[in-house]
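1. Okay, predicted coordinates and the sequence, questions at the end:
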Amino acid sequence: MKIARTIAEARAFIAELREQRRGKDAGNLVGFVPTMGYLHEGHASLLRRSRQESGISVLSIFVNPIQFGPGEDLERYPRSEEADLKLAEREGVDVVFLPSVQEMYPEERKTTVTVTGVTERLCGASRPGHFDGVATVVSKLFNIVKPDKAFFGAKDAQQVAVLQKMVNDLDMDVEIVPCPIVREEDGLALSSRNVYLSEEQRREALVLSRSLREASVRIENDPNATPRRIVEDVTRAIQASPIAEIDYVEMLSFPDLEPLDEELGLTNLRKAGGSVILALAVKFGSTRLIDNAIMKLKEAPLHV
Ligand SMILES: Nc1ncnc2c1ncn2[C@@H]1O[C@H](COP(=O)(O)OP(=O)(O)OP(=O)(O)O)[C@@H](O)[C@H]1O
Ligand SMILES: CC(C)(CO)[C@@H](O)C(=O)[O-]
Ligand code: BAL
């Protein structure tokens, strides 16, 4: 496994591997998993998918300062390079790109990639500028790695929608592959930020996956369910926890992330075979967790 700390090294290592594996049945396709490190089994699932679907597997670890807002957790974001490299090795990564902030942003940046529309609600509304930071760094990473496929977790579902729109609008020659949310046995979605949780917060945080699960069953089976009632149910369930502070609970169309027509109700949406997302962000103390369920209404819940 090669470790690249500069853009030039990353480009050289990847070009070398492409050259070596040329002509080997998809062997020189590059699969890419961008992360902010402190890797867990959610990241490992993306790396496995990348390994399966591409001859060359590239991982980046970069805590991107421009996607954090003022007062967010940039300084204390967890880091563990040694453990991350072990996990990467175990998952058959060929190249790890580990740039410094100085390497990625050496001078005053005059270019920002902004995706409109899909960034208006959910985390786009509660973290202003966040998706500009994500779209800008992912564009830079795509230009450095030149992947054929890039793998992203559905836990950050809005991020997937934003990046799919960006790639489509800007004719970037890369396929965005959404991968299912990996959860702990008790339902909590894996997240690097789970490390911040106290025992009590960790226990209370189970209300997120539990309320999403219950709502999914209701969306599938209850003919009287409407988006507003579903959101109210989930909100009530979360408010029952004395330490949960809701940032948002929303049900929107997916991947457009538009409000659903309350009048039409879910029965009509079901007829149209549309997909919806029930998404939430909730704070436990200073730790903000996100989770969601994406459902294709015609069929069984689709956990992309
Ligand atoms: N539980 C999970 N299941 C599947 N993919 C995940 C999971 N958690 C994170 N990912 C994906 O890993 C990639 C890198 O995410 P990131 O490094 O920010 O990890 P994270 O655990 O989401 O961290 P954070 O706590 O900052 O949200 C993203 O595509 C993200 O969606
Ligand atoms: C895609 C990403 C690596 C960009 O910094 C980040 O937003 C993340 O970890 O999901
Ligand atoms: N996985 C999303 C990265 C962030 O919260 O900034």
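-> Received it, and whenever you're ready, just let me know what you need. Ligands and ions are numbered 1, 2, ... in the order given.
2. Sort out which residues of whichever strand or helix holds residue 203 are buried, please.
-> Element membership for residue 203 (DSSP states H and E) is helix 199-204. Neighbour-count burial for helix 199-204, counted by 16 or more other Cβ atoms under 10 Å, picks out 201-202, 204. Glycine gets a C-beta too; all of them are placed from N, C-alpha and C.
3. And the residues you listed, which is closest to ligand 3?
-> residue 201 (17.5 Å; Cβ to the nearest ligand atom).
4. In contact with the residue nearest to that closest one when sequence neighbours are not counted, which residues?
-> With Cβ to Cβ, 6 or more residues apart in numbering as the criterion, residue 201 has its nearest non-adjacent residue at 4.0 Å, and that residue is residue 284. Applying Cβ atoms under 8 Å, 6 or more residues apart in numbering, we find residue 284 in contact with 197, 201, 204-205, 243-245.
5. Of those, keep whichever come out buried.
-> Judged by 16+ other Cβ under 10 Å, buried ones among the contacts of residue 284: 197, 201, 204-205, 244.
6. which SS class is the residue in the stretch 151-300 of the chain positioned nearest to ligand 3?
-> At 4.6 Å from ligand 3, residue 156 is the closest residue in the stretch 151-300 of the chain, using Cβ to the nearest ligand atom. Under the three-state scheme (DSSP: H, G, I helix; E, B strand; the rest coil), residue 156 adopts helix.
7. Do I have it right that it meets residue 294?
-> No: using Cβ atoms under 8 Å, residue 156 makes no contact with residue 294, being 12.0 Å away.
8. Compare neighbour counts for these two and give me the winner.
-> When neighbours are counted by other Cβ atoms under 10 Å, residue 156 and residue 294 differ, and residue 294 comes out ahead with 22 against 18.
9. so what's the more buried one bridging to?
-> Residue 294 has these beta-bridge partners by DSSP bridges: residue 277.
10. To what extent is residue 146 buried, counted in neighbours?
-> Neighbour tally, residue 146, other Cβ under 10 Å: 17.
11. Likewise for residue 224?
-> Residue 224 has 9 nearby residues by other Cβ under 10 Å.
12. same check, this time on the one 4 residues further on
-> Applying other Cβ under 10 Å, we find 12 residues neighbouring residue 228.
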